[in-house]
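Q: Okay, predicted coordinates and the sequence, questions at the end:
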Amino acid sequence: MRVVGGALRGRLLEMAGKDAIRPTSDRAREAIFNMLVSLELPEDATVLDLFAGSGALGIEALSRGAAHSTLVDSDIAACRTIATNLTALGISDRATVVRSDVGRYLAAHGDPVALAFADPPYRFDGWNDLLSTVNANVLVCESNREIEPSSNDGWQTHRVRRYGTPVITVLVRPDGSGPRPAGR
């Protein structure tokens with residue numbers, strides 16, 4: 001797997017537990033970041049990468065100009081791999097790796113971010129809780145189905161795209177009540 005755009009384009013990423021992690025394909029990551037350009041992201045944004053796995057989404061955001069990425073995963077091998085990738089790419093100073101259950105992390109850390117990614121295992125059934133607790137302007141969800149927010153969550157569907165089995169759902173806060181990237 002490699003970084004597909006930005007300053008680190010073409011650089012290779014390590015993978016942890018290749019059997020346990022389902023990385024976002026290069027094609028899907030490229031499409032995700034093309035969709036985010038219309039939302040003026042990730043330039044200067046604070047980013048939260050939930051269920052980070054190899055860290056590919058958070059690292060891609062940093063490569064494309066994000067100010068800082070927090071990468072959260074409960075698996076120790078994944079966290080070690082993310083740290084290795086950040087060090088190898090020379091961007092450790094712009095990222096924080098957190099080993100935690102995502103639900104516990106969100107309950108304890110409500111700091112707003114401009115952009116969040118959520119790429120849990122397909123069997124994940126906690127979408128309602130996640131959507132009600134993540135504090136972001138834009139949330140990119142990857143699942144095997146479209147993620148439909150409830151009217152109580154404050155999210156609106158911006159775009160939905162299918163890339164084989166994975167379905168990418170981009171949600172936005174229509175009232176603009178979430179945080180904005182620095183300098184905007």
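A: Arrived safely.

Q: all contacts plus neighbour counts: C-alpha atoms, from now on.
A: Will do.

Q: So what touches the host helix or strand of A107?
A: Assigned by DSSP states H and E, A107 belongs to helix 102-108. Here helix 102-108 makes contact (CA atoms under 8 Å, 6 or more residues apart in numbering) with L50, F51, V72, D73, S74, D129, L130, T133, V134.

Q: Ok, stretch 93-100 next?
A: Under the criterion CA under 8 Å, 6+ apart, residues 62, 67-76, 79, 82-83, 86 lie in contact with stretch 93-100.

Q: Please indicate which of the residues you listed are buried?
A: Buried members of the contacts of stretch 93-100, scored by 16 or more other CA atoms under 10 Å, are 62, 67-75, 79, 82-83, 86.

Q: Among these, which are located in strands?
A: H68, S69, T70, L71, V72, D73 (DSSP state E).

Q: Which pLDDT value goes with the fifth one?
A: Per-residue confidence at V72 stands at 98 (pLDDT).

Q: same thing with the second one?
A: Taken from the predicted model, the pLDDT recorded for S69 is 98.

Q: Secondary structure element holding D49?
A: Assigned by DSSP H and E, D49 falls in strand 46-50.

Q: Name the residues of that strand that come out as buried.
A: For strand 46-50, by 16+ other CA under 10 Å, it's T46, V47, L48, D49, L50.

Q: contact partners of that strand?
A: Contacts for strand 46-50 (CA under 8 Å, 6+ apart): 55, 57-58, 61, 66-73, 102, 113-120, 181.

Q: which one of the ones in strands among the buried ones among the contacts of stretch 93-100 sits closest to P149?
A: Of all these, P149 sits closest to V72, with 22.1 Å by CA to CA.
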